[in-house]
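J.: Here is a sequence together with a model predicted from it:
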Amino acid sequence: MVLIYVQKNTPRVSYTFKHICKRILGLQIDFTSKIESFIAHNGPKFSYGKQPLGKELYFQSVDLLFEHGFNEVAIQVSSWENTKCFFAVKHPMAALPFDIFAASFYLLTRYEEYLPHVKDELGRFTASESIAYLHDFLQDPVVDIWAYKFKEILYEKYPDAEFKERQFKVIPIVLVSQTFAYWKKGILRSIGGGIRDLWRLELYKVSDRIKVVLGVKKDPYDTFDFIIELQKKKRKKCILLFGLGDYSNYEKNISSSNPEHKKALKHVSDYMDVGLKVSYDAISELTVLKKEKQRIEKIVNRQLKYALCAFYKIKLPEAYRNFIELEIAEDFSMGYSEYSGFRAGTCTPFMFYDLDYEVQTPLTIYSFCCTPKSFRNGSNEQEVKKQTSSYIDKIRAVNGTFIPVFSNGLFSDLNTQTFWKSIFEFIWNIDETKRN
């Protein structure tokens with residue numbers, strides 16, 4: 001156990017140190033504000049504050065973890081070793097040239113998303129507004145990288161310190177915004193879609209649509225057996241998130257009450273973990289979210305655990321408060337649809353911290369790394385595999401969790417980029433026990 005001296009143990013201090021020390025490094029910690037207790041402690045220890053107590057291992061702090069609420073914060077990013085850092089400190093005894101804990105807190109809580117910023121047409125915080133994008137470290141899990149630098153310093157001072165090493169994990173996510181492309185879409189939607197395909201001279205779609213509607217061909221978006229067969233061959237935690245929102249400008253799935261829709265969802269839930277793709281309206285409306293939650297729970301006959309917001313829109317803090325209110329345990333919305341990387345700076349699941357109430361909540365946030373749209377120049381299989389392997393190497397180096405997001409339609413015959421099944425199988429077969 002490592003003892004940490006801090007003049008005042010605030011909720012922010014406790015939250016940040018637990019994420020870095022416990023969640024990332026597997027290190028047991030305790031806090032004290034009594035100098036006598038700190039001096040008397042014979043095991044590993046260090047202090048965190050404005051000034052060192054003596055000649056102990058010391059990490060200098062800035063003000064952020066001792067403040068309340070959120071204010072404009074001056075950020076100056078600089079290069080440090082093989083990564084980037086901010087919140088520089090100057091004390092000659094400081095073990096690091098920046099406040100690793102304040103910088104981690106800033107990224108984990110999405111502090112910058114509470115501050116004034118320009119939203120896109122869907123009301124989302126965009127990657128281009130983030131300091132990670134602006135200073136070119138979005139592609140690195142910097143919080144985890146910093147944590148391992150911190151580990152090296154602590155281990156050099158205290159070789160007997162006990163770190164419980166975690167295992168690298170892969171959790172593929174499959175987003176099901178439309179369960180079927182043609183099946184059970186209704187007469188008007190089928191006729192309208194057929195006319196649109198004819199207008200675009202996409203005759204193969206017209207033919208497919210007729211065959212599916214007549215029941216002589218399987219719907220092209222019904223790719224669930226492909227995923228289930230992979231699960232049977234090599235068991236891996238994979239989560240399919242189904243959209244069950246009412247039809248609207250943003251939601252195009254068939255009715256949640258449709259027997260074929262229920263049948264497909266139940267079939268998948270017999271083999272895989274399933275969750276809810278929260279509709280656009282449900283992101284900010286608790287009553288709508290509650291209705292969608294009840295729908296999926298009634299179909300699969302189990303409590304909803306996993307959720308992801310439509311279009312990866314996270315309206316902070318309201319969306320997450322609604323998840324907590326309805327006891328949704330895990331969120332997978334933390335990322336950008338068109339930029340790969342680490343929106344919260346970490347590849348480790350973390351707890352949502354409510355900056356308004358200054359409290360750690362029970363909601364666990366999983367930060368996804370990439371979507372098909374996020375690959376730069378990802379027009380061929382080799383390039384996508386190359387970029388994927390690069391992220392896997394970075395995440396494996398810190399024993400983190402690699403989370404890619406796919407869609408059921410991506411594996412269909414309607415997709416002109418036919419290599420995505422191969423990419424999914426490549427990711428599925430990654431050896432999670434392999435060491436760097």
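T.: Noted; the coordinates are in hand. Predicted model only: the values in this text are computed from it and were never measured.
J.: For T32, see how far away D140 is.
T.: Applying CB to CB, to the nearest Å, the value for D140 to T32 is 34 Å. Placement of C-beta: from N, CA and C, glycine included.
J.: of these two, who's got more company?
T.: The neighbour comparison of D140 against T32 (other CB atoms under 10 Å) goes to D140, with 20 against 17.
J.: and the lengthiest strand in the chain, how far from the chain's centre?
T.: Using DSSP state E to define each element, the chain has its longest strand at strand 359-367. Its chain's average C-alpha position is 11 Å from that of strand 359-367, according to CA atoms, centre = their mean, to the nearest Å.
J.: what's next to that strand, contact-wise?
T.: 11, 14-15, 171, 320, 323-324, 328-332, 334-335, 342-344, 346-347, 349-354, 401, 403 (CB atoms under 8 Å, 6 or more residues apart in numbering).
J.: switch to 7 Å and redo it
T.: 11, 15, 320, 323-324, 329-332, 334-335, 342-344, 346-347, 349-354, 401, 403 (CB atoms under 7 Å, 6 or more residues apart in numbering).
J.: average pLDDT for that strand?
T.: The average pLDDT within strand 359-367 is 98.
J.: Is there a neighbour count for K217? I'd like the number.
T.: K217: 15 neighbours (other CB under 10 Å).
J.: Now for it: which residues touch it?
T.: With CB under 7 Å, 6+ apart, K217 has these contacts: D208, K211.
J.: Can you tell me the element it falls in?
T.: K217 belongs to no helix or strand when assigned by DSSP states H and E.
J.: do the one 3 residues further on as well
T.: Taking DSSP H and E as the criterion, no element holds P220; it sits outside all helices and strands.
J.: I figured it hits N415, correct?
T.: No. Under the criterion of CB atoms under 7 Å, P220 is not in contact with N415, lying 8.6 Å apart.
J.: Mind checking which of those two has more residues around it?
T.: Higher neighbour count among P220 and N415: P220, with 21 against 17, using other CB under 10 Å.
J.: neighbours around F86, how many?
T.: F86, neighbours per other CB under 10 Å, totals 22.
J.: these two touch, right, it and Q76?
T.: Yes. Counting by CB under 7 Å, F86 does reach Q76; the two are 6.1 Å apart.
J.: what are the ranges of the helices in the stretch 51-200 of the chain?
T.: Along the stretch 51-200 of the chain, counting by DSSP state H, counting those that start in this stretch, helices occupy 100-108, 131-134, 142-157, 187-199.
J.: Tell me how far the first one lies from the chain's centre.
T.: This points to helix 100-108. So, by CA atoms, centre = their mean, the centroid of helix 100-108 is 17 Å from its chain's centroid.
J.: what does stretch 68-82 give?
T.: 22 Å.
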